[in-house]
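Colleague: here's my sequence, what's the structure:
(chains A and B)
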Amino acid sequence: MDRYLLIVSTVCFLAAVVRTIAALRAGVFRPGRFNFLAVGLGFIFQTAFLSIRGHALGRCPITNLFEVFIFLAWSIALIYMLIGPAYRLSLMGAFTAPLVFLIQTFALLAPIDVRHAVKLPANPWLEFHASMSLVAYGAFALACIAGVMYLVQEHQLKTHQLRSIFYHLPPLTDLFAAITRLLWWGFALYTLGLASGFFIGEPLPRAQVVCAFAVWLLYAAILQGRHFRQLAPRRVAALCIVGFSAALTLLWGITFTAQMHSLP
Amino acid sequence: MNLFCVGLSHHTASVETRERFSGHAETDCILRGAGCTEALLLTTCNRVEVYGAAPAQVPTEEIIRCLARKIDQQLCQDASAFYRYEDAECGRHLFRVTCGLDSMVVGETEIFGQAKKAYESARASGAAGPYLHRLFQRAFRAAKQVRTHTDITRGSVSVGSVAVDLAEKIFGHLSGRKVLVLGAGETSERTARALVSRGVSDLRVSNRSMDRAAELARLVAGRAIRFDEWPEQCREIDILITSTSSEAPLLTPENLAPMLRDRIDRPVFIIDIAVPRDVDPSVNEMEGVYLYDIDSLQSVAQQSLALRRQQIAAAEAIIAEHVADFWESVECGTARRCADSTHSAISEGPVRASEL
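Modeller: So this is what the prediction gives:
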């Protein structure tokens, strides 16, 4: 039953993707309300799914790779709903929807929804650690999307080739301000998640800790470069994409190895 | 009721012909002389049009005579430049006009204001009645919808406004931005004025002739600076407009790099409208520098125009819906009035009979 909610949610995100592609092909790209409504509706169904799954598990629904991906997609949609309109980045919905759609489609199609044979005991520190880290990932994902938007806009301005999308993308300075804020939010949440990991009360796999610190250091380096004006905005935008790709790979690694360890 | 439009525009008549019919006709003359019950005159630099409603068809020649400055031999030749649209086609034509589809620069919005003014003036004088009211209100609705749902008005088509649009896409709000005008030519003055109109308040002008710099600075509410000080100013400013008559480039990557060293996170927008160019084109490859010369500004203007042309089909589709709706409402209204008049004729019948 809960998977049906997720399918409906995925269809909502797909609707936003289809509309964006159709608008781009017709050369009439407009942010409009449709993307925001489609993402909003998709978010409601995601929340319903996580709520049902959470009640069934008796804990935060991040017990396998499938749930982790859905929680990540939910975090991305949540941060977009909170940040997008506030910073006049309504167009971000057009970029957010494809990412969430891809994550959810992959989660639904891949055989990764492995139910645990025994009910896992609830560990508040572990749940706090995992949920904080995933919401941080949501902020990093949005920073990555804003980075893509920045590079698209910058490329058009540099090459003097302005397409329809140019008139709907926010100014470079606004985009860069949004990237900086998202990076700080993501970094703060990620630090909180990372620190709480030491209170879980279980031994942590060495490789996971090293990788998690590597991602933390990467974002710390980006923010340091930004703060002390050592990195140009274009490089910060590009590094947001690199950083999120690295973080996503790490997330995959962490949940995959955790799943392998839990198998009998 | 016959709804019609008679007029000429830049599509059908030269400026000399348009002049002979512009700014002369009084709506009253058209109303009285031609037997219209409602009439409205729309005159702009590109068109002279009469929109009217009359119980019987009013000959085009009558309208032309009312519009002409003087009646002579030339009038017969000019008559061929006039077009006439009736009923639903009249609606379609007006909707296209108010949406800017019939304008010289496709998508321009000035015509909307001109049509609104013409309607207000006709309404105030009592020349516009229920038919023209319905026609124009629908035209304004169609124009607003086209503007909201298509990109027909997007982008600028003149060099000055293209520069301002680009500046806003780089910096967002322009208030608080610092601008340096290097060389006090006519195009730089126009561009500087356009930037001031969008909120720029810190404007500096530098020219080889200090008098000319002071004069331009006074005109654009800026301040004049000595010509040898401009390299130092480049460290602070956000936008540089350059149009000097220098034979060699004033700005090259070599002399610009030290100026930009401390402002890695602050972009600089350079508008080079000088011929020969004041800025080495390779400056555009530098981090955070956006260089546009006169050719690239014109190319952006052309791209905007092409983008607007791509939107014509979408705009025409919206207009077609409005024309169908409008004409249906007119026909329904006419049918209702006919039914009402028949009904009153029947009820009045016995009274008349008794009177007889």
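
Colleague: so how far is chain A from B:Glu287?
Modeller: 5 Å (Cβ to the nearest Cβ, to the nearest Å). Glycine gets a C-beta too; all of them are placed from N, C-alpha and C.

Colleague: burial count for the closest residue to chain A within chain B?
Modeller: Per Cβ to the nearest Cβ, B:Gly172 is where chain B lies closest to chain A, at 4.0 Å. Residues within reach of B:Gly172, counting by other Cβ atoms under 10 Å in any protein chain shown, total 17.

Colleague: tell me the phi and psi of the residue lying closest to it once chain neighbours are set aside?
Modeller: Excluding the flanking residues, the one nearest B:Gly172 by Cβ to Cβ, 6 or more residues apart in numbering or on different chains is A:Pro171, at 4.0 Å. With angles defined as degrees, to the nearest 10, A:Pro171 sits at phi -60, psi 160.

Colleague: wouldn't A:Pro171 be in contact with B:Ala167 here?
Modeller: No. Contact criterion Cβ atoms under 8 Å: A:Pro171 and B:Ala167 do not qualify, at 9.3 Å.

Colleague: who's more crowded, these two?
Modeller: The residue with more neighbours, out of A:Pro171 and B:Ala167, is B:Ala167; 25 against 18, by other Cβ under 10 Å.

Colleague: helix or strand for that one, which one?
Modeller: If you go by DSSP states H and E, B:Ala167 is part of helix B:159-171.

Colleague: CA atoms only: put that helix into CSV for me.
Modeller: Output of helix B:159-171 as CSV, limited to C-alpha atoms (Å, rounded to 0.1, in the frame of the first residue of the first chain):
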residue,chain,number,x,y,z
VAL,B,159,21.5,48.4,-27.6
GLY,B,160,20.9,50.5,-24.5
SER,B,161,18.1,48.4,-23.0
VAL,B,162,20.0,45.1,-23.9
ALA,B,163,22.9,46.4,-21.8
VAL,B,164,20.6,47.3,-18.9
ASP,B,165,18.9,43.8,-19.1
LEU,B,166,22.3,42.1,-19.0
ALA,B,167,23.4,44.2,-16.1
GLU,B,168,20.3,43.1,-14.2
LYS,B,169,20.9,39.5,-15.0
ILE,B,170,24.4,39.7,-13.6
PHE,B,171,23.8,41.9,-10.5
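
Colleague: which residues touch that helix?
Modeller: With contacts defined as Cβ atoms under 8 Å, 6 or more residues apart in numbering or on different chains, helix B:159-171 is touched by A:153, A:157, A:166, A:169, A:171-173, B:155-156, B:174, B:177, B:187, B:190-191, B:193-195, B:197-198, B:238-239, B:241, B:267, B:269, B:271, B:273, B:290, B:292, B:294, B:297-298, B:300-301, B:304.

Colleague: what is the mean pLDDT for stretch B:250-263?
Modeller: If you average the pLDDT over stretch B:250-263, you get 89.

Colleague: for that stretch, C-alpha coordinates in PDB please.
Modeller: Once non-C-alpha atoms are left out, stretch B:250-263 reads as follows in PDB (Å, rounded to 0.1, in the frame of the first residue of the first chain):
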ATOM      1  CA  LEU B 250      42.800  50.600 -23.200                       C
ATOM      2  CA  LEU B 251      42.000  47.400 -21.400                       C
ATOM      3  CA  THR B 252      43.900  44.200 -21.800                       C
ATOM      4  CA  PRO B 253      44.000  41.000 -19.600                       C
ATOM      5  CA  GLU B 254      47.500  42.200 -18.500                       C
ATOM      6  CA  ASN B 255      46.400  45.600 -17.200                       C
ATOM      7  CA  LEU B 256      43.000  44.400 -15.900                       C
ATOM      8  CA  ALA B 257      44.200  41.400 -13.900                       C
ATOM      9  CA  PRO B 258      45.800  43.500 -11.100                       C
ATOM     10  CA  MET B 259      42.700  45.600 -10.800                       C
ATOM     11  CA  LEU B 260      40.500  42.500 -10.300                       C
ATOM     12  CA  ARG B 261      42.800  40.700  -7.900                       C
ATOM     13  CA  ASP B 262      40.900  41.700  -4.800                       C
ATOM     14  CA  ARG B 263      37.400  41.200  -6.100                       C
END
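
Colleague: tell me which residues of it come out buried.
Modeller: Under the neighbour-count criterion of 16 or more other Cβ atoms under 10 Å in any protein chain shown, stretch B:250-263 has B:Leu250, B:Leu251, B:Leu256, B:Met259, B:Leu260, B:Arg263 buried.

Colleague: how long is stretch B:144-153 from one end to the other?
Modeller: Stretch B:144-153 has an end-to-end distance of 11 Å (Cα to Cα, to the nearest Å).

Colleague: residues of that stretch that come out buried?
Modeller: Burial within stretch B:144-153, assessed by neighbour count using 16+ other Cβ under 10 Å, is assigned to B:Gln145, B:Val146, B:Arg147, B:His149, B:Thr150, B:Asp151, B:Ile152, B:Thr153.
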